[in-house]
Each structure stands twice: as C-alpha cells, then as structure tokens.
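Student: From the sequence below, what's the structure:
(one chain, ligands or ions: 3)
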Amino acid sequence: MSTIHYETELEKVLRGENVHQDLPVARLIEKALERKEGILTSTGAFRATTGRYTGRSPKDKFIVRERSVQDVIDWGNVNQPISADIFESLYMKVLHYLSEKDELFVRKGFVGADPEHRLSIRTLNEFAWHNFFVQQLFLRPSEEEMNSFIPEFTIISAPGFKAQPEIDGTNSEAFIIVSFEKRTILIGGTEYAGEMKKSIFSIMNFLLPDKGVLPMHCSANAGKEGDVALFFGLSGTGKTTLSADAKRGLIGDDEHGWSDNGVFNMEGGCYAKCIRLTEESEPEIFGAIRYGAVLENVIVDEKTRQPDYDDCTLTENTRVAYPIDYIPNSILPSMAAHPTAIIFLTADAFGVLPPISKLSREQAMYHFLSGYTSKLAGTERGVTKPEATFSTCFGAPFLPLPANRYAEMLGDKIAKHDAEVFLVNTGWSGGPYGEGERVKLKLTRAMINAALDGELNNVETVEDPIFGLHIPVHCPGVPDEVLQPKQTWNDKEAYDVKAKELAMKFKNNFSKFENIPAPIRAAGPMI
Ligand SMILES: Nc1ncnc2c1ncn2[C@@H]1O[C@H](COP(=O)(O)OP(=O)(O)O)[C@@H](O)[C@H]1O
Ligand SMILES: C=C(OP(=O)(O)O)C(=O)O
Ligand SMILES: [Mn+2]
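Tutor: Residues are numbered from 1 along each chain as shown. Ligands and ions are numbered 1, 2, ... in the order given. I've put the predicted structure just below:
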C-alpha cells in the first residue's frame, strides 16, 4: 500500500514560490537564455544541447505494475514492469530535488485535437526550454480553457536528477516511468525532449482503444478535396518530411487518432529531423526554423550563430520543434475526414523492397502486423547504423496493449472506409545499406504524389515473385527502372539472395502471431 498521498506532495511543490506558471514563449526564451540552457541562433530559433542522451532510451522506460493495469499491459522488452515501491521512492526523491530549485516551470496543455478525445496534460519542468518545447508540441489551451483546466495526466521532468540504479532500481541514471494509477509520467536523467511527447503518445495508445479510437504512429495530410492520407512509419522513415507538402494541408506529423468522426492530430506541433536539411528539398521545415522554434543538438557556428545541418557531431538525431502553424497550409483545428489512402513507410536497409507497391487488404494487415523497417541511426540510444527490425503497427515502442488490438481496429476501419494501402520503401535501392543508396527524396515524393492523385489506380503492375507485392510498371516523374528493385542492382543474383534472406526474416517474425486468419498469414512472402 502506498504510504504517501501523491497529489498532496505534488501540490506542495506546485505551490512553491519558485514556480513559473504558463509563461509565454518570449518569457520562456528569456529564461532559458538567462539560465544558460541554450543559445539564440541566426534564424531566431533557440538551440539547446542535451548531453549524453540525444535520443529516446527504450531500456530506461518502465510502466508501474499496478493492479488495474496488470492484466492488460503487454509486458515485455517494450513495456517493462517496475514496482510501485520503486516508483514511489523515486517520485519522492524527484519532487524533493525539484522543490529545492530556484525556478520551476509548469504549464497546461492538451493532447487530442478532437475535443471529444482530448486529454489535459500538466507539465512540471526543471528546464525552461523543456517547458517551451511542451508549449510548442502540445495543443495550447485558450484563455477560457486555461481557467477551467483540470489536469488528467502530469509529466514531471527532472533531467538533472540522476538515478543510482543499484539503489533506485532503475536500469541507468535515466528513467521514464509511467504510472497509470497515479496518472503520472516521471522522467529523470535524460534531457532529450522527445521523451516527453512520446510518453504522452504511449498514454494515448493505452486510453484510446477503449473509446473505439485507433491511435496511430503516423503523419497525416489532406488534399484540396479534403481527401486524407496517412503515413505510418517508424522513426526516420519519412512521416514528418513527406507529410509537409506544398500541395496538401498538414494535419500532423507523428501521432493521430482515428475515430468514428475521422482522424485527428494528437499534438499541436511537429518535431522534425534536421540532419542534412536543405531549403531546396524540405522548404516547409526549413522555413519553420525561426523565432519560437527549438533546435536540439544542431551544431551552430560560434561566430555567425548559423546552424550547420550537415554536422552530426552530437548526434544524427538533430531536431527542431515548432508549432504546427509554422508549416504553410496546416489544418487547424487538426481534424479531418476518414482517410482514403494509407501509406506504410519502410526504410528497407536490404534494398530489396520496391519503392512503391500496392497492397491488397490481406497484405495490408500482414505488413501492418509485421511492421518491417529499419531502426535508423540516432533516434534510439545505441543505434548507429540502420538495423532491420519488425516493429508492429510501425510503432511498437509506444504500444502498451497487445498488437492485435490495434491491428484489428485498423483492419475494420480500412474495410469500412475503403482506403487504398501502399507500401513505400524510403530506404535503400540498388543494393543494401553500404552498397546501394537511399531512394532519392524527390522520387519518393513523386511516387506519393502519383499515388495520392489516383494516378496509380488501375495501372499496369508486375507482381514481385517473392513478396507478392504489386509494383506499378510506370509512375509519373520516376524512371521505370527505379520502380523494379532488382533492376537497380548490378548483381541480380545477389539481389535474389538478399530478397530470400529478408523473406525468411518476415516468416520468422510472423510466426510469433497467433490466431491470425489464414488469408492474412498467406499474404506474406512466398519461399
Ligand atoms: N526517400 C526519402 N523519403 C523520406 N525521407 C528521406 C528520404 N531520403 C532521405 N530522407 C531523410 O530521412 C529523414 C526522414 O525523417 P522524418 O521525416 O523526420 O521521419 P519520421 O518523421 O518518420 O521520424 C529526413 O531527414 C529526410 O530528409
Ligand atoms: C520523436 C520521435 O519520433 P519520430 O522520430 O518518429 O519523429 C522519437 O521516436 O523519438
Ligand atoms: Mn517525425
């Protein structure tokens, strides 16, 4: 039994004279500069660096094993259990640590653009710039909403508090612990701002299915006719980049819900990668780097204060956070109709999957459950080159419930709303990682444009002999030979070997799923 009253302990800290409540952006920037948390760049954007942790740290993430969630969580490597005692003792230590700081930053925010499915989030930060990040990433309540705000979840982030694993029961000095019963996310030891937004996403992945809403690790945009496209993909596969499109309105770049009313963004901002960013290839994101944006781990010239997006000295996972309305044509409030097109983004480091192919219903379910892609360098601690992985629903690190719960919902929704599904390889072509090269962004954009404009409907396709995928023979703006992966390899035999190797990986991975209808199981590679 818990010996403390959580709300009371927290209230004591929140009532402290050191607390700044809901500071506006300009004041937060002043504070962050004054406290030497970062610098101003020539773009007007603020830049922070985050020390040892420059990406998410999955091994340090835990869920408190509490009675009410014990039997529902899909415990394992992703959802690691931790005891209520450990949580309680860390919670008290962190609050004590924070209470002694000269300044603390607290703010109110929402996730879920659809008011029906919105969650109120209170965030308590040690750092001004983290509070600034939260302000830009979550939805910003109106003044009226501020007055009637009742927090449903609280994030407590104390990056300067380092756990001692042998005493505190954590995996390292860093910890990200969710308690569903205490409605708290406790973060310590890591300065990577992405942990805050992604732990809230995990919470939504837990709460929404019970309300009949499918939470999705995807970006979303809409064409002029209001036709909605979703782009599912693990980190680095192109959700943010490809959803920013001058011809389409942005709904959101990372986390969405699909309810009976349509899709809605969970967030109020975007979190884009900056590595090798150029104005020419990603003009919308480049233009969002200005006053009010937060750069993370981007190297800045000391004299000119100009960001150098090519410099990966601190990490490959350099980032910028900005409010969604910094992207031209963003849709506000970020809600839209049921999707007509669904794109699964995969970064295939084997270089064998076609750059675009059309999926049958069964193939769509097979690939959604498989979630084949690569972990790209940087976003997760310890990943320095592309690593093949199967990440169910293209978002396994964020799913507290068993995968089939989400997959079944997607299957039902695709059938009901008759969405077309495409598989897009934004990874390697012409050979595996190290030999081939990444599919050119320009070509991927052309393929996606064609798909969304309906130009790949009823076109001539060839069936991939191993993967059974339907590959268009022609696509506007793309040379024919690029479309057929084997054609892009000099050594065709080497291609066959790699393709079979990947097919075996799919088979082995899929064997872990039980009770899958035969037509879906049969929709995988044939070897
Ligand atoms: N063919 C491609 N398609 C999409 N992104 C590409 C491609 N080639 C290179 N990239 C780069 O890969 C990264 C994709 O990252 P991002 O869109 O942020 O992924 P996500 O939002 O899914 O994590 C960007 O830095 C982009 O410039
Ligand atoms: C912020 C993240 O998301 P993404 O890379 O998908 O944008 C992350 O995974 O840490
Ligand atoms: Mn992204």
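Student: Distance check, residue 166 against residue 61.
Tutor: From residue 166 across to residue 61, the span is 19 Å (CB to CB, to the nearest Å). In this view, the C-beta of every residue, glycine as well, is placed from N, C-alpha and C.
Student: and what of residue 456?
Tutor: 39 Å.
Student: do residue 394 as well
Tutor: Relative to residue 61, and taking CB to CB, residue 394 is found at 18 Å.
Student: ditto for residue 249
Tutor: 34 Å.
Student: ok, the two, which is more surrounded?
Tutor: More neighbours surround residue 61 than the other of residue 249 and residue 61, with 25 against 21 (other CB atoms under 10 Å).
Student: Touching, the more buried one and residue 176? I think so.
Tutor: Yes: between residue 61 and residue 176 there is a contact under CB atoms under 8 Å: 4.5 Å.
Student: And the residue in the stretch 201-350 of the chain that ligand 3 sits nearest to, its phi and psi?
Tutor: Here the residue of the stretch 201-350 of the chain nearest ligand 3 is residue 240; by CB to the ion that distance is 3.4 Å. When read as degrees, to the nearest 10, the backbone of residue 240 gives phi -70, psi -50.
Student: For it, give me its contacts.
Tutor: Residue 240 makes contacts with 219, 253, 254, 270, 271, 272, 273, 285, as judged by CB atoms under 8 Å, 6 or more residues apart in numbering.
Student: just for the protein, where's the confidence low?
Tutor: Applying pLDDT under 70 to the chain flags residues 1-3.
Student: What is the longest helix of the protein by residue count?
Tutor: For the chain, the longest helix by residue count, based on DSSP state H, is helix 492-510.
Student: start to end distance for stretch 78-92?
Tutor: Length of stretch 78-92, first residue to last, CA to CA, to the nearest Å: 25 Å.
Student: neighbours around the nearest residue to residue 262 once chain neighbours are set aside, how many?
Tutor: Distances taken as CB to CB, 6 or more residues apart in numbering put residue 337 closest to residue 262, at 4.6 Å, once the chain neighbours are dropped. A count of nearby residues for residue 337, using other CB under 10 Å, gives 14.
Student: Repeat that for residue 377.
Tutor: The burial count for residue 377: 18, using other CB under 10 Å.
Student: residues in contact with the residue of the stretch 251-400 of the chain at minimum distance from ligand 1?
Tutor: Residue nearest to ligand 1 within the stretch 251-400 of the chain (CB to the nearest ligand atom): residue 273, separated by 3.9 Å. If you count contacts by CB under 8 Å, 6+ apart, residue 273 has them with 236, 240, 241, 317, 318, 319.
Student: Tell me how far the closest residue to the first one other than its chain neighbours lies from residue 386.
Tutor: What that stands for is residue 236. Residue nearest to residue 236 in three dimensions, not counting chain neighbours: residue 376, with 3.3 Å by CB to CB, 6+ apart. Using CB to CB, residue 376 is found at 6 Å from residue 386.
Student: Going by neighbour count, list what's buried in stretch 24-31.
Tutor: Taking 16 or more other CB atoms under 10 Å as the basis for neighbour counts, the residues of stretch 24-31 that come out buried are 25, 28, 29, 31.
Student: Which of those residues fall in strands?
Tutor: Per DSSP state E, strands hold no members of the buried residues of stretch 24-31.
Student: tell me, which of those residues make contact with ligand 3?
Tutor: Among the buried residues of stretch 24-31, no residue is within reach of ligand 3 (CB under 5 Å from the ion).
Student: Same list (those residues) but as JSON lines, adding distance to residue 476.
Tutor: Putting the buried residues of stretch 24-31 into JSON lines (distance: CB to CB, whole Å) gives the following:
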{"residue": "25", "distance to residue 476": "42"}
{"residue": "28", "distance to residue 476": "46"}
{"residue": "29", "distance to residue 476": "45"}
{"residue": "31", "distance to residue 476": "51"}
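Student: so which of the residues you listed are also by ligand 1?
Tutor: Taking CB under 6 Å from any ligand atom as the test, ligand 1 is in contact with none of those.
Student: Please identify which two of those are farthest apart in space.
Tutor: The most widely separated members of the buried residues of stretch 24-31, counting by CB to CB, are 25 and 31 (10.5 Å).
Student: just to revisit the earlier point, around the residue nearest to residue 236, count how many other residues there are.
Tutor: Using other CB under 10 Å, residue 376 is surrounded by 26 other residues.
Student: Would you tell me which residues of the stretch 251-400 of the chain are close to ligand 2?
Tutor: So far as CB under 6 Å from any ligand atom goes, the stretch 251-400 of the chain lies against ligand 2 at 254, 271, 379.
Student: Over to the stretch 1-150 of the chain?
Tutor: So far as CB under 6 Å from any ligand atom goes, the stretch 1-150 of the chain lies against ligand 2 at residue 56.
Student: One more pass at 8 Å, please.
Tutor: 55, 56 (CB under 8 Å from any ligand atom).
Student: How about the residues of the protein by ligand 1?
Tutor: Near ligand 1, when you scan the chain using CB under 8 Å from any ligand atom, you find 219, 231, 233-243, 253-254, 271-277, 281-282, 345, 347, 376, 379, 426-427, 438-441, 443-445.
Student: Sort out which of those are in strands and list them.
Tutor: 219, 231, 271, 272, 273, 345, 438.
Student: who wins for neighbours among those?
Tutor: Counting neighbours by other CB under 10 Å, the top entry in those is residue 231, with 30 neighbours.
Student: tell me which parts of this protein are close to ligand 3?
Tutor: 239, 240, 254.
Student: hmm, 6 Å instead?
Tutor: Counting by CB under 6 Å from the ion, the positions of the chain adjacent to ligand 3 are 239, 240, 253, 254, 271.
Student: Quick check: nearest residue in space to the first one, chain neighbours excluded?
Tutor: Meaning residue 239. Among residues not flanking residue 239 along the chain, residue 219 sits closest, at 3.9 Å (CB to CB, 6+ apart).
Student: pretty sure the one you found contacts residue 252?
Tutor: Yes: judged on CB under 8 Å, residue 219 makes contact with residue 252 at a distance of 6.2 Å.
Student: where do the contact lists of the two overlap?
Tutor: With CB under 8 Å, 6+ apart as the test, residue 219 and residue 252 both reach residue 243.
Student: Show me what residue of the stretch 151-300 of the chain gets nearest to ligand 2.
Tutor: Ligand 2 sits closest to residue 235 of the stretch 151-300 of the chain, with a gap of 3.1 Å, by CB to the nearest ligand atom.
Student: Surely that residue is in contact with residue 374?
Tutor: No: using CB under 8 Å, residue 235 is not in contact with residue 374; the gap is 9.9 Å.
Student: And those two? Which one has more around it.
Tutor: residue 235 (27 against 24).
Student: can you tell me which residues contact that one?
Tutor: By CB under 8 Å, 6+ apart, residue 235 lies in contact with 375, 376, 379, 380.
Student: Residue 265 versus that one, what's the distance?
Tutor: 18 Å.
Student: What are the boundaries of the helices in the stretch 401-527 of the chain?
Tutor: Shown for the stretch 401-527 of the chain, the helices assigned by DSSP state H, counting those that start in this stretch span residues 403-417, 441-452, 480-483, 485-488, 492-510, 518-521.
Student: where exactly do the strands run in the stretch 301-450 of the chain?
Tutor: Taking DSSP state E, counting those that start in this stretch as the criterion, the stretch 301-450 of the chain carries its strands at 307-308, 319-323, 335-336, 339-346, 357-359, 372-375, 387-390, 420-425, 428-429, 437-438.
Student: Nearest approach to residue 75 belongs to which of the ones you listed?
Tutor: Nearest to residue 75 among the strands of the stretch 301-450 of the chain is strand 387-390 (18.6 Å), distances taken as CB to CB.
Student: That'll do, ta.
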